[in-house]
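Chemist: After the sequence you'll find the predicted model.
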Amino acid sequence: MKKIAIIPARSGSKGLKDKNIIPINGKPLLTYSIEAALQTEVFEKVVVSTDSVHYANISKQCGAEVMMRGEALSNDKATTYDVIADFMERCNISIDYFVLLQPTSPMRTSKHITEAIELFEDNMDRYDFLVSMTESHFASVLVKPIDEDMSLKYFDTDFSRYRRQGYKEYSPNGAIFIAKPHAYLKRKHFFGSNAIAYIMNKVESVDIDDKIDYELAKILLMERENGKL
């Protein structure tokens, strides 16, 4: 089956400066996703979608192709759907499905991508989408809003009977998304009853969003390189 890997890498992060290319254990963060995709040896193309010439040069040096975004897709208001729809409109090959790999998941390896692809292809008659998931640290019963009055009125569970094991729930970890193009362009997201879950553990699911995530990822990557993970 024909498939492509799409790695969206917009410049100008408001949290960590230039988050997608921040140095992590000797190389730009973005390159971990490119290398993992290329190592699978299953894609027609591995393409980085970016608005930055600098990011583009890093991507090309790592072996990826590049699709430059227009100005409308270069700000933080552009959604994942906007980027993929633009990509599909400009993509010059026919594919059965695409794999979206966010550059902020450096612990995701070629093994995870290959396993997710195999799971998806084995179930394509039933599912149009795949999303990588991890077990949630907190059950949804423990996550509620707090109003301006600072009361805990929404926390109305009898916590004397609460058992974490009884609330095993999952959340997307941002590492791997797979979709059939037509189904995605129609639905505009990856979730629902015709989406299958690929489960990853907490270490594999580290997603760099802030300084704490960044420092944790550096430690875990070093541990992995030293054969301790």
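Modeler: Perfect, thanks for sending it.

Chemist: CA only for contacts and neighbour counts going forward, please
Modeler: Will do.

Chemist: What's the first helix or strand after the lowest-mean-pLDDT helix or strand in the chain?
Modeler: For the chain, using mean pLDDT, DSSP states H and E, the weakest element among its helices and strands is helix 80-90, scoring a mean of 90. The element immediately downstream of helix 80-90 (helix or strand, assigned by DSSP states H and E) is strand 97-100.

Chemist: List of residues touching that next one?
Modeler: 2-8, 176-181 (CA atoms under 8 Å, 6 or more residues apart in numbering).

Chemist: And the residues you listed, which of them are buried?
Modeler: Buried members of the contacts of strand 97-100, scored by 16 or more other CA atoms under 10 Å, are 3-8, 176-181.

Chemist: Looking at those residues, which one is closest to residue 87?
Modeler: Checking those against residue 87 by CA to CA gives residue 6 as the nearest, at 8.7 Å.

Chemist: Could you give the average pLDDT over the helix or strand hosting that closest one?
Modeler: Element membership for residue 6 (DSSP H and E) is strand 3-8. Averaging pLDDT along strand 3-8 gives 97.

Chemist: So which residues make contact with it?
Modeler: Strand 3-8 has contacts (CA under 8 Å, 6+ apart) with 33-34, 37, 42-50, 83, 95-103.

Chemist: Which entries within those meet the buried criterion?
Modeler: By 16+ other CA under 10 Å, these give 33-34, 37, 42-43, 45-50, 83, 97-103 as buried.

Chemist: okay, and for the chain, where does confidence drop off?
Modeler: Low-confidence segments of the chain, defined by pLDDT under 70: 74, 161-167.

Chemist: Redo the buried ones among the contacts of strand 97-100 as TSV? Include distance to residue 188.
Modeler: Converted to TSV, those look like this (distance: CA to CA, whole Å):
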residue	distance to residue 188
3	19
4	18
5	18
6	16
7	17
8	16
176	16
177	13
178	13
179	10
180	11
181	10
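
Chemist: Pick the one among the residues you listed closest to residue 71.
Modeler: Comparing the buried ones among the contacts of strand 97-100 against residue 71 with CA to CA places residue 8 closest, at 14.7 Å.

Chemist: and the closest one, what are its bridge partners?
Modeler: Assessed by DSSP bridges, residue 8 has beta-bridge partners residue 49.

Chemist: follow-up on the earlier one: relative to residue 107, which of the contacts of strand 97-100 is nearest.
Modeler: residue 176 (11.5 Å).

Chemist: Provide the secondary structure category for that closest one.
Modeler: Judged by DSSP: H, G, I helix; E, B strand; the rest coil, the three-state class of residue 176 is strand.

Chemist: And it, how far from residue 206?
Modeler: According to CA to CA, to the nearest Å, residue 176 and residue 206 sit 12 Å apart.

Chemist: what's the answer for residue 118, then?
Modeler: Distance from residue 118 to residue 206, by CA to CA: 22 Å.

Chemist: Between the two, which has more neighbouring residues?
Modeler: Higher neighbour count among residue 118 and residue 206: residue 206, with 22 against 12, using other CA atoms under 10 Å.

Chemist: Having no further points to raise, I will conclude here.
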